[in-house]
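[1] how does the following fold in three dimensions:
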Amino acid sequence: MSSQYITVRETAQILAVSEKKVMDLIEGGKLQAYKIADQFLRLKRAEVVNILSTGQIVSENVTHTYTSAERMRDFFYYNDFYLVSLIIIGILLYIIFN
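    Okay, here's the model as predicted:
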């Protein structure tokens, strides 16, 4: 199941435009963006699909490559708190039970 909120990159892929064009659409008020934790910019998938179906956006000839290295970097960037917490819990459990 797809997420309700998507990134700027995913929006650009759906609309077949550049990420800069997506940012211009946000600044122009054509797309509503939401900040999560005051730093992660997200858009509602339903709004993006709606604007795509209205034909207001002209597609550009842009390719979006999302490499495995970028996926790993994003995974650790967005989940660093949970990973560090898991390590700390593991260390504490090791100390308690040994």
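[2] quick one: the strands in the protein, in order.
    Counting by DSSP state E, the chain has strands at residues 5-6, 33-36, 40-44.
[3] dump those strands into TSV; add distance to F97 as well.
    C-beta coordinates here come from the backbone N, C-alpha and C atoms, glycine included. What follows is the strands of the chain, written out as TSV (distance: least, C-beta to C-beta, whole Å):
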stretch	distance to F97
strand 5-6	39
strand 33-36	37
strand 40-44	37
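[4] what's the closest of those strands to I51?
    The closest of these to I51 is strand 40-44. By C-beta to C-beta, the value is 9.7 Å.
[5] who touches S59 in this structure?
    Going by C-beta atoms under 8 Å, 6 or more residues apart in numbering, S59 touches L15, A16, V17.
[6] min pLDDT across those, which one?
    Lowest pLDDT of the contacts of S59: A16, 86.
[7] that residue: what's its closest spatial neighbour, skipping adjacent residues?
    Excluding its sequence neighbours, the residue lying closest to A16 (C-beta to C-beta, 6 or more residues apart in numbering) is S59, at 3.9 Å.
[8] and the one you found, how close does it get to Q13?
    Distance of S59 to Q13, given as C-beta to C-beta, to the nearest Å: 11 Å.
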